[in-house]
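Q: Mind folding the following:
(2 chains, ligands or ions: 2)
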Amino acid sequence: MMKKLSGARIVIEALIQENVKVIFGYPGGAVLPIYDELFKQNKIRHILVRHEQAAVHAAEGYARSTGKVGVVLVTSGPGATNTVTGLTDAMMDSVPVVCISGQVPTHMIGNDAFQEADIVGITRPCTKHNYLVKEISKLAESIHSAFHIAKNGRPGPVLVDIPKDIQTFETKYGGKKHTKSFTFYKPNTKPSRDTIVEFVNLLDKSKKPIFYVGGGVINSGSRASLYLKKLLKITGFPCTQTLMGLGATPTSDDQFIGMLGMHGTYEANLSMNKSDLMICIGARFDDRITGKVSGFSPNSKKVHLDIDASSFNKSVNVDLLIQGDLSKILEMTLKYIENKKISFSKEKISAWWIQINKWRAKNCLSYKNSRSVIKPQYALQRLDFLTRHLDPFITTEVGQHQMWAAQFLTFNKPKHWMTSGGLGTMGYGLPAAMGVQIAHPKDLVIDVAGEASILMNIQEMSTIKQYRLPVKIFILNNRYMGMVRQWQELLHGNRLSESYMDSLPDFVKLAESFGATGLRVNKPGEMDDLIKEMIKIKGPVICDVVVDPKENCFPMIPSGSTHDQMLLGPNDKLEGEISEEGMVLV
Amino acid sequence: MAESHSKHILSIMVDNEPGVLARVVGLFSGRGYNIESLSVSEVDSDKFLSRVTVVTSGTKNIIDQIKAQVRKLIPVHNLIDITELKSFIGKELILMKLDIKQKTVLEVHKHIKNIGAKILFEDKTTIIIEFSGTPTEISGLIKKMKVYNIVELTRSGLVSMALGKDYIRR
Ligand SMILES: Cc1ncc(C[n+]2csc(CCOP(=O)(O)OP(=O)(O)O)c2C)c(N)n1
Ligand SMILES: [Mg+2]
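A: Ligands and ions are numbered 1, 2, ... in the order given. Below you'll find the model as predicted:
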């Protein structure tokens, strides 16, 4: 005989069935029954964050570094509304997260009860799906569906809102297997064979091809990365990656020509612009990538491989669409190439590589180093050099430091780079690093931060202390919201409206007050010692790297411009005024 | 290069669960798509399915994007673009209340009969008529009846069906 369980207990049992090991959360009145059940078991570890936004980012970091679903538990009202930024972030970057929120009891819904918020209404546009569980009989089904939806197809966040009375009601629960038909959601993952044939034909014909690789490859799993690596090797084609795609294949590979987009490399953006065949794999022609759409890669045939049909022809029209799971598409492609014994002539693309290498020779990421002041790029180059052998997990905040990290760090494995791409959420990096560290307790986890961003979730130092997470925080402290200042210099007559970071804390003392180690460096000559010491210290460290306040991030494609209108350095002037159309772009 | 906009009738089969209409409508408003007409009602009470008919317009790219986005909604079972099928019918229902104090009842009755509308209710001062037809016929009716004093009217929004063997699968 199946025993009757309370709703709260069913939540815990269902999470165990979903193989959940860790949840990130914060208690409150409307989830107390669930917290009570958490207390009575020892299969699931609860990490108490200090702000619900951080719980979601931590779950994102956990998910992105493991490929598993990240789980969040929060209370109703303010607890739930605090998750909105995190959920939106997970939505934009396709991160599988399940967020369980408490709700006022069903009979009080709609009454403006204490700590009531219509979180299902609020999060409808920023989740892949959400549920309000109004009957205990639907509880198990909703939770299992949430996991199913979060991780299948294009991943994303799912919220399950559970009123407090539902948590106390009782019903039978026979496990996931015996939970009656949950969602019919079953995205198409298998590509059609005809499109694969056409795809290989295009690959075979091209003289100026380029692989444009996004985060979808990483989401599809390690097999997708492996197959892509193989395809790169067989074809010899150049490869560029988006901010989300970094590490999908090793960025130290010779065929990798750098990140593309607004702060991408000269060679990557020009190759996109001049190519005759663009192979977009798991990316979405985001506006940071395309620049001005009408001038985007005007002469190329475009192939788009993606699991999400709504990504096709959204901003850029493509010639061949292949819908399906990327690892399946790539596997079928490789098999077809092998069966038909197609070999790709390296000669056909040799002129293209000569051209690309000329662009490469511009050395677009070079900067003028200094002996007296630390250049942020230099700090990151040293960080990369001194940590690469440890394959660190890197998270970032948002701003110039994020772009420099993308440009200067090496990513040789997928799932080692966690940054807020689509939403650009300042405050993402520190909690994300916590989540990563929880999943990989022995590994080196570094949050490359800006001094402005880090303050947005600095309270998480307390969580870091509590769980003894040896997260390293590498602040490129330029005393400015650098990215904002850069745009103001470029587009707003150098009027630095509210972008100076006054009254910053002493980050060393701040670290100490949270029981962490604080280190500061001012001189380029001391950079290496600081990094070595940071790695050596077993616990959490905040490094206050005092860098040049006025350095800007190049190359840069000003908004509303095309890939061949890049600014390469501080002395590169805009050609004429930025168009009105460009000025209004974000 | 101005791309041409065209009108599309989308028939969407959804789970009849709370919030499902908000998902569909929210998607349209959130992404800036146009809704010209909307009608929704449960059509299968055993399987709890509702059928939503949305009339929208846009360039081919936008329409394709709308369809792909709607299909992504979890409670959406199926979507067909009726306008893309060989042939279809589309009908709307209108109820109209006229103020007949000024005119002779006889004249109004004659007019209504000619048009093919039905009288649902009548008293000394007002008359409610019902008419179903294509959107063009409905607009025509409204125009004609303007000579009387239309005090209120309500339209159901378009419902539509393809002819022959094309039909929306559950
Ligand atoms: C939550 C949030 N608010 C505002 C912004 C806009 N924004 C983008 S970058 C940036 C400045 C970041 O400054 P800092 O963290 O010091 O990084 P830096 O650019 O100086 O490296 C701001 C305010 C944002 N991305 N996120
Ligand atoms: Mg800064």
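Q: Low-confidence stretches in the chain?
A: Just so you know, I chose chain A. A:1, A:574-577 (pLDDT under 70).
Q: Let me rephrase: I mean chain B.
A: Residues of chain B that meet the criterion pLDDT under 70 lie in B:1-2, B:102-103, B:169-170.
Q: And the helices in it?
A: For chain B, the helices defined by DSSP state H cover B:20-30, B:60-72, B:105-115, B:135-145.
Q: Could you pull up the contacting residues of A:Thr333?
A: Residues in contact with A:Thr333 (C-beta atoms under 8 Å, 6 or more residues apart in numbering or on different chains) are A:Ile196, A:Phe199, A:Val200, A:Tyr227, A:Leu231. Heads up, the C-betas are built off the backbone N, CA and C, glycines and all.
Q: Just the ones of the residues you listed in helices?
A: Filtering these for helices - DSSP H - leaves A:Ile196, A:Phe199, A:Val200, A:Tyr227, A:Leu231.
Q: which of those residues are buried?
A: For those, a neighbour count by 16 or more other C-beta atoms under 10 Å in any protein chain shown gives the buried set as A:Ile196, A:Phe199, A:Val200, A:Tyr227, A:Leu231.
Q: Chain B: which of those residues is nearest?
A: Nearest to chain B out of those is A:Phe199 (C-beta to the nearest C-beta; 20.5 Å).
Q: Just list the residues touching that closest one, thanks.
A: With C-beta under 8 Å, 6+ apart, A:Phe199 has these contacts: A:Val303, A:Leu305, A:Leu320, A:Ile322, A:Thr333.
Q: A:Asp276 and A:Leu321, how far apart?
A: 19 Å (C-beta to C-beta, to the nearest Å).
Q: Sorry, wrong one. I was asking about A:Tyr480.
A: Distance, A:Tyr480 to A:Leu321, using C-beta to C-beta: 43 Å.
Q: Looking only at neighbour counts, state which of these two leads.
A: It is A:Tyr480, of A:Tyr480 and A:Leu321, that has more neighbours when counted by other C-beta atoms under 10 Å in any protein chain shown, with 22 against 16.
Q: Name the residues of the stretch 401-550 of chain A found near ligand 1, please.
A: Counting by C-beta under 6 Å from any ligand atom, the residues of the stretch 401-550 of chain A lying close to ligand 1 are A:401, A:424-426, A:450-453, A:476, A:478, A:480-484.
Q: For ligand 2, what is the nearest residue in chain B?
A: Residue nearest to ligand 2 within chain B (C-beta to the ion): B:Gly30, separated by 32.4 Å.
Q: what's the closest of the helices of chain B to B:Gly90?
A: helix B:135-145 (6.9 Å; C-beta to C-beta).
Q: ok, and what's touching that closest one?
A: Contacts to helix B:135-145, defined as C-beta under 8 Å, 6+ apart, come from residues B:37, B:90, B:92, B:94, B:96, B:98, B:111, B:115, B:117, B:131, B:133, B:150, B:153, B:155, B:158.
Q: what's near enough to touch whichever residue of chain B sits closest to chain A?
A: Relative to chain A, the nearest point of chain B is B:Ala68 (3.6 Å; C-beta to the nearest C-beta). B:Ala68 makes contact with A:Ala309, A:Ser310, A:Phe312, according to C-beta under 8 Å, 6+ apart.
Q: Can you add distance to A:Leu159 and give the helices of chain B back as TSV?
A: Below are these laid out as TSV (distance: least, C-beta to C-beta, whole Å):
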stretch	distance to A:Leu159
helix B:20-30	13
helix B:60-72	17
helix B:105-115	51
helix B:135-145	39
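Q: winner for burial among the ones you listed?
A: helix B:60-72 (a mean of 19; mean count of other C-beta atoms under 10 Å in any protein chain shown).
Q: For that helix, list the C-alpha coordinates in PDB.
A: Taking Å, rounded to 0.1, in the frame of the first residue of the first chain, the C-alpha atoms of helix B:60-72 are listed here in PDB:
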ATOM      1  CA  LYS B  60       6.200  36.600 -44.100                       C
ATOM      2  CA  ASN B  61       9.100  36.600 -41.700                       C
ATOM      3  CA  ILE B  62       7.000  37.900 -38.900                       C
ATOM      4  CA  ILE B  63       4.200  35.500 -39.500                       C
ATOM      5  CA  ASP B  64       6.700  32.600 -39.600                       C
ATOM      6  CA  GLN B  65       8.200  33.900 -36.300                       C
ATOM      7  CA  ILE B  66       4.700  34.200 -34.700                       C
ATOM      8  CA  LYS B  67       3.900  30.600 -35.700                       C
ATOM      9  CA  ALA B  68       7.200  29.300 -34.400                       C
ATOM     10  CA  GLN B  69       6.900  31.200 -31.100                       C
ATOM     11  CA  VAL B  70       3.300  30.100 -30.500                       C
ATOM     12  CA  ARG B  71       4.200  26.500 -31.300                       C
ATOM     13  CA  LYS B  72       6.900  26.800 -28.600                       C
END
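Q: Next, the angle helix B:20-30 makes with it.
A: Between the axes of helix B:60-72 and helix B:20-30, defined by axes from the mean of the first three to the mean of the last three C-alpha atoms, to 10 degrees, the angle is 150 degrees.
Q: Against B:Ile112, how distant is the closest residue to B:Val108 other than its chain neighbours?
A: Spatial nearest neighbour of B:Val108, excluding adjacent residues (C-beta to C-beta, 6 or more residues apart in numbering or on different chains): B:Ile100 at 5.5 Å. Per C-beta to C-beta, B:Ile100 is found 11 Å from B:Ile112.
Q: Give me the neighbour count for B:Glu17.
A: For B:Glu17, the count of nearby residues is 15 (other C-beta under 10 Å).
Q: Just list the residues touching it, thanks.
A: Neighbouring residues of B:Glu17 by C-beta under 8 Å, 6+ apart: B:Phe48, B:Pro75.
Q: could you measure it against A:Val484, distance?
A: When B:Glu17 is compared with A:Val484 (using C-beta to C-beta), they lie 44 Å apart.
Q: ok, now A:Phe296?
A: Distance, A:Phe296 to A:Val484, using C-beta to C-beta: 26 Å.
Q: And for A:Asp89, the neighbour number?
A: 26.
Q: quick one: which of the residues of the stretch 401-550 of chain A next to ligand 1 is nearest to A:Glu13?
A: Nearest member of those to A:Glu13, counting by C-beta to C-beta, is A:Thr425, at 33.0 Å.
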